[in-house]
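**Q** The sequence isn't on hand, but the structure is:
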């Protein structure tokens, strides 16, 4: 869509007006903690609720649901124009046992794991659960490392780090170049369909057709809490990705943490429409695990929150009513115009919706308010919006808000089974985590692993938190940026980058997707601005879809940015928040140079390093015309 639809009078509530309406009632366990204060300012937050027992392995829940509801849909995906391809719990278990038998016969192990290069699909999940059932780790890799990267740098590195014994891609021809360039001749390649010219391949059908191995049940029974279930890769925003060891204990404990906090999951099996990539912990651990653990159904959404992709999401949401909906902030923003404009979509979306959940970045207040308004219009109540704090290294659930106090930037308190430690560092409180959901370390990186934990065994997330109410720590905590991103101006003044970035992005909506704050050892701050191309087209619908240079130089865009930039300058409270110079980046960030990850996370330092010429232009005595300067 080229422009945001006009709202009706009923929809056009005053900002925050929907907040006068009640929340839709859901069952939820509000996190509560005991607080210990140390003389050095360190805080320990220990949940009052204990964590119930959790299973030895995730596949125990598969067996449970096969007994309880064997024909229930576990997962469904579009089959072109032929409707939905459905996979029941019974079918998943049967296929998992046969694939596990094939993997056992090949002698695969943690030293020679399964690597999956392609994205979300039923074929992907079949191979993943076959590996889980055999106790053989698998690693889902971002498809961007094979299909977007030009030099295969990260994929090549991962092949050496993980030394896989079997590499899978759904479409052999689509991934052929990446497979040829990176998979050694002695390593088996498996595909769902298609060929890899010049290489022998095993088909997924052959794996599924493997007779059950005589040692299958004994092998499955031997899987325990310390067995490595999978390797999940960090984003690589600070260099090459690290392989986070995910044990059965981490994943199973985390699902009980989720279920004991979001207790509405016990009331009915969840129905999820989801696009979030499985090579990240949000989609691959949180959402798949939540579906399986609670006997739910996941409908795979091949859409994306971008023009040309959001339409597929809308198509799916017209057909399937979710009970809980997960997305990133950009996803909600992209969906919003359709919910406003399509009464039938709105009715289907909100009909059974118990809660929404976002992660990955702050959700803009105008988007949150609009979703509240639409849910009130449809239901007479607000659908709770939840969020929290977690990491790939925490499986990921660690801290959670409660429905009544949830707001953007608030992360709440640690959930049952987790313990948080807040340590004074550089004027902030650095958060650290301990619990059965925390990783044992990074694969084949002992020194990096050791440095990631403190002397008491707490994992150091690198995030800073601050009390929502300094006089009442039971009110929970707000996100206060990444410790490593903060820096000093030439005056010695500290700049808290995370909160400043969030305010900058919110103040320049819908034009700005992200911003890189510059000014290390300089007299003043400046900004390298990553435009939101979709948002820019709301200002000028005639803009091309992906011509960064044209969009960054467009007079309407520059005028709209300058207007917001000037207003933002008036909110500065000192040199640590005053930004008076900016450049609109006119070339896309590079995944090969580490400037951006496949999920869109930006490496501030890499951008500053690779675009140092822009920094020099910004701070030159007579900046060139493309530098936007204010008084």
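**A** Structure's in. What do you need? Predicted model, so just to flag it, every value in this text is computed and none were measured.
**Q** got the phi/psi numbers for residue 548?
**A** Main-chain torsions, residue 548, degrees, to the nearest 10: phi -60, psi -40.
**Q** burial count for it?
**A** Per other CB atoms under 10 Å, the neighbour tally for residue 548 reads 17. (Each C-beta comes from the backbone N, C-alpha and C, glycine too.)
**Q** Repeat that for residue 621.
**A** Residue 621: 4 neighbours (other CB under 10 Å).
**Q** tell me which element it falls in.
**A** Using DSSP states H and E, residue 621 sits in no helix or strand.
**Q** got a list of what it touches?
**A** Counting by CB atoms under 8 Å, 6 or more residues apart in numbering, residue 621 touches no other residue.
**Q** any idea how far it is from residue 316?
**A** Applying CB to CB, to the nearest Å, the value for residue 621 to residue 316 is 55 Å.
**Q** now residue 385
**A** The gap separating residue 385 from residue 316 is 21 Å, by CB to CB.
**Q** Likewise for residue 441?
**A** 38 Å.
**Q** Now do the strands in the stretch 101-250 of the chain.
**A** 114-116, 138-140, 166-171, 188-193, 202-203, 228-233, 243-247 (DSSP state E, counting those that start in this stretch).
**Q** swap that for the stretch 351-500 of the chain, please
**A** 355-358, 385-386, 388-390, 397-400, 410-414, 419-425, 428-434, 459-467, 477-482, 487-488, 494-495.
**Q** Tell me which of the ones you listed sits most buried.
**A** With neighbours taken as mean count of other CB atoms under 10 Å, these reach their highest mean count in strand 397-400, at a mean of 29.
**Q** Okay, now the sheet partners of that one, with direction.
**A** strand 388-390 (antiparallel), strand 410-414 (antiparallel) (DSSP bridges).
**Q** Low-confidence bits of this structure, can you list those?
**A** Residue ranges of the chain with pLDDT under 70: 1-16, 81, 236-239, 598-600, 631.
**Q** Which helix in it has the most residues?
**A** Ordering each helix of the chain by length in residues (DSSP state H) puts helix 89-105 first.
**Q** Quick one: list the elements packing against that one.
**A** Helices and strands touching helix 89-105, by 3 or more CB pairs under 8 Å, 6 or more residues apart in numbering; DSSP states H and E, are helix 59-68, strand 73-78, helix 122-134, helix 204-208, helix 216-221.
**Q** out of these, which comes closest to residue 465?
**A** Set against residue 465 and scored by CB to CB, those come closest in helix 59-68, at 32.4 Å.
**Q** tell me how far that closest one is from the chain's mean position?
**A** 27 Å (CA atoms, centre = their mean, to the nearest Å).
**Q** Report the buried residues of it.
**A** The neighbour-count check on helix 59-68 (16 or more other CB atoms under 10 Å) flags 59, 61-62, 65-66 as buried.
**Q** do stretch 353-369 as well
**A** The neighbour-count check on stretch 353-369 (16+ other CB under 10 Å) flags 353-364, 367-369 as buried.
**Q** which one of these sits closest to residue 471?
**A** Taking the buried residues of stretch 353-369 together and measuring to residue 471 by CB to CB, the closest member is residue 362, at 24.5 Å.
**Q** Double-check the closest one against residue 409; I have them as touching.
**A** Yes. Contact status for residue 362 versus residue 409: in contact at 5.6 Å, counting by CB atoms under 8 Å.
**Q** overlap in contacts of these two?
**A** In contact with both residue 362 and residue 409: 479, 502, using CB under 8 Å, 6+ apart.
**Q** Deepest-packed of the helices and strands packed on helix 89-105, please.
**A** The highest mean neighbour count among the helices and strands packed on helix 89-105, using mean count of other CB under 10 Å, belongs to helix 122-134: a mean of 25.
**Q** ok and it relative to helix 59-68, angle-wise?
**A** For helix 122-134 against helix 59-68, the angle by axes from the mean of the first three to the mean of the last three CA atoms, to 10 degrees is 110 degrees.
**Q** and the end-to-end length of stretch 569-576?
**A** Stretch 569-576 has an end-to-end distance of 12 Å (criterion: CA to CA, to the nearest Å).
**Q** what's it in contact with?
**A** Against stretch 569-576 from outside (CB under 8 Å, 6+ apart): 489, 491, 493-496, 500, 503, 507, 524-525, 577-580, 630.
**Q** Let's see that with 6 Å instead.
**A** Contacting residues not belonging to stretch 569-576 are listed as 489, 493, 495, 578, 630 [CB atoms under 6 Å, 6 or more residues apart in numbering].
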